[in-house]
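Q: need a structure here:
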Amino acid sequence: MDLRGDKFNVEKLYKLFKACNGYTTDTREIKGGEMFFALKGENFDANEFAAHAVERGAKCCVVDNIHVYENCTEDLTDKLIVVDDSLEAFRALAKHHRSLFDIPVIGITGTNGKTTTKEMINAVLSTKYKVTCTQGNRNNHIGVPMTLLEITPETEIAVVEMGANHPGEITSSVNLAMPTCGLVTNVGQAHLEGFGSFEGVKKTKGELYDWLSEHGGLAFYDVDNEYLDGMVRERKGLQLMPYGVDYSGIRVLKTSRVNPYLTMEIEVADVVSRITTRLIGSYNATNVAAALAVGGYFEVDFDSAVAAIEAYVPSNSRSQLIDTGRNIVILDAYNANASSMNAALDNFAATSFPNKALVLGDMLELGKYSKDAHAEILAKARKITNEIYLVGASEFKAVAAEGDLVFDTSLQLKEFFRKLQPEGKTILIKGSNATRLPLIMEVL
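A: Below is the predicted model of the structure:
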């Protein structure tokens with residue numbers, strides 16, 4: 001079927017989609033009857049796998065290479081839907097699907113903490129509602145439509161995480177998701193190479209607020225954060241729901257070696273409640289406050305919300321505390337930028353753990369700000385411990401002093417630790433995902 005140019009009709013595509021057993025963008029996930037979307041990446045073109053997708057049982061394939069369509073066998077032609085752009089067809093399909101549901105959709109973005117906040121909000125809301133939520137970190141131009149296509153007639157609330165490293169990306173995501181309310185966790189120094197400046201970060205993250213203000217939506221916002229407070233008040237027509245650690249009178253208790261996890265006290269209806277999380281880092285208190293605020297707005301019982309937050313266990317190298325038997329490791333290496341790195345170091349410095357060591361990986365995509373940011377982080381690290389291991393072929397290496405232990409890759413550090421056999425240490429591991437720091441866990 002040829003749906004290029006003026007022939008493209010999202011309703012026709014959607015009718016074909018509804019006759020399929022879901023969708024996939026990966027031939028390895030085909031179980032039978034799916035609509036396969038042939039997307040392109042930096043190192044692949046899935047148009048080349050259309051025939052293979054059919055062989056594995058795909059009911060039809062959306063392709064954007066006319067040569068695949070023209071040069072295939074007649075049997076395969078009947079299963080191909082050729083469009084101008086497979087990705088844009090995929091996104092249009094997701095937007096159309098979303099438009100058919102009159103439900104609350106919560107958009108979540110921010111420099112740091114958006115995935116942790118999203119997971120806790122999902123946990124809280126799931127105590128009362130059927131929630132469709134972004135899985136893992138599928139928050140980009142492909143992940144957002146994936147989440148939207150998972151909305152079913154049983155879904156009562158959708159929670160959609162939205163990431164960005166260039167201006168306009170949040171606008172692109174909200175145009176698909178059409179959120180009814182939203183939350184920006186914070187704004188900080190990340191992806192500055194793409195955003196150009198901190199003001200560029202604010203503008204892009206604020207695109208979620210722009211959508212909500214234009215469509216009469218509600219913004220949950222950290223009133224304690226001067227940047228967010230200013231951003232929401234600049235936008236007319238935006239309904240506001242404030243939250244915050246100070247605003248809510250939350251008291252963050254001191255951690256100890258016995259209980260290293262974030263523990264908080266909050267007074268609600270003259271009753272002081274203690275919340276003992278499985279999160280590492282006092283900076284997560286704001287994320288907890290956000291989850292409580294969203295839960296409160298949607299009338300989730302407070303005790304149920306607290307229980308959900310306490311039961312949440314972080315994963316995927318985010319604020320994880322791991323006892324390896326030989327060392328205590330705080331693994332926070334999914335991503336890193338100047339803001340999150342500073343917060344992690346401040347928290348690590350405040351803990352009472354003995355024999356502290358730091359494994360710090362390069363912070364990427366900071367552009368012209370990179371050298372100064374890495375120098376500042378290294379200076380702060382030196383005030384915490386003398387045992388510092390730096391990983392990365394460029395950024396920390398450029399500011400390291402003679403005698404610093406710098407490794408181009410995590411594999412090199414892994415071999416170093418294999419020989420060193422560290423024991424009895426408390427080690428914070430923090431760096432950008434591309435530095436692959438979790439690889440060293442095997443030898444700690």
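Q: Run through the chain and note the low-pLDDT ranges.
A: In the predicted model of the chain, residues 74, 189-196, 317 satisfy pLDDT under 70.
Q: Give the phi and psi angles for L218, as a check.
A: Main-chain dihedrals, L218, degrees, to the nearest 10: phi -110, psi 130.
Q: is it true that it touches V232?
A: No. Taking contacts as C-beta atoms under 8 Å, L218 lies outside contact range of V232: 10.6 Å. (C-beta placed from N, C-alpha, C; glycine too.)
Q: which ones are touching D346?
A: By C-beta atoms under 8 Å, 6 or more residues apart in numbering, D346 lies in contact with Y283.
Q: State the next helix or strand along the chain beyond whichever helix or strand it is part of.
A: Using DSSP states H and E, D346 sits within helix 338-350. Counting by DSSP H and E, the element after helix 338-350 in chain order, helix or strand, is strand 356-361.
Q: Just the residues contacting that following strand, thanks.
A: In contact with strand 356-361 (C-beta under 8 Å, 6+ apart) are residues 333, 336, 341, 345, 348, 377-378, 381, 384-385, 387-392, 396, 410, 413, 422, 425-432, 435, 437, 440.
Q: Please repeat the previous calculation with a cut-off of 7 Å.
A: 333, 336, 348, 377, 381, 384-385, 387-392, 396, 425-432, 435, 437, 440 (C-beta atoms under 7 Å, 6 or more residues apart in numbering).
Q: so the helix or strand just after that strand versus helix 338-350, what angle?
A: Downstream of strand 356-361, the next assigned helix or strand under DSSP H and E is helix 370-382. Put simply, helix 370-382 runs at 10 degrees to helix 338-350, going by axes from the mean of the first three to the mean of the last three C-alpha atoms, to 10 degrees.
Q: Burial check on F198, number of neighbours?
A: 18 (other C-beta atoms under 10 Å).
Q: Quick check: it vs K205, distance?
A: Look at F198 and K205: by C-beta to C-beta, to the nearest Å, they are 11 Å apart.
Q: Likewise for D408?
A: From D408 to K205 the distance is 33 Å (C-beta to C-beta).
Q: and the two? which has more neighbours close in?
A: K205 (26 against 13).
Q: thinking the more buried one is in contact with N112, fair?
A: No. Using C-beta atoms under 7 Å as the test, K205 is too far from N112 to be in contact (11.1 Å).
Q: what about the helices in the stretch 151-300 of the chain?
A: For the stretch 151-300 of the chain, applying DSSP state H, counting those that start in this stretch gives helices covering 169-177, 192-195, 198-205, 207-214, 226-233, 285-297.
Q: The fifth one: which residues count as buried?
A: To tie it back to what came earlier, the one meant is helix 226-233. 227-229, 231-232 (16 or more other C-beta atoms under 10 Å).
Q: That helix to helix 198-205, inter-axis angle?
A: 50 degrees.
Q: From the contact counts, what lies against helix 226-233?
A: strand 218-222 (3 or more C-beta pairs under 7 Å, 6 or more residues apart in numbering; DSSP states H and E).
Q: Recalculate using a threshold of 10 Å.
A: strand 181-184, helix 198-205, helix 207-214, strand 218-222, strand 239-243 (3 or more C-beta pairs under 10 Å, 6 or more residues apart in numbering; DSSP states H and E).
Q: Nearest approach to F8 belongs to which of those?
A: For F8, the closest of those is helix 207-214, at 24.9 Å, according to C-beta to C-beta.
Q: From the contact counts, what lies against that closest one?
A: Partner elements for helix 207-214 (3+ C-beta pairs under 10 Å, 6+ apart): strand 105-109, helix 169-177, strand 181-184, strand 218-222, helix 226-233, strand 239-243.
Q: chain center to stretch 205-223, what's the gap?
A: Centroid separation for stretch 205-223 versus its chain: 19 Å, with C-alpha atoms, centre = their mean, to the nearest Å.
Q: Show me which positions of it end up buried.
A: For stretch 205-223, using 16+ other C-beta under 10 Å, the buried residues are 205-213, 217-223.
Q: likewise stretch 51-58?
A: Quick answer for stretch 51-58 (16+ other C-beta under 10 Å): 51, 53-54, 56, 58.
Q: what does stretch 427-439 give?
A: Under the neighbour-count criterion of 16+ other C-beta under 10 Å, stretch 427-439 has 427-433, 435-438 buried.
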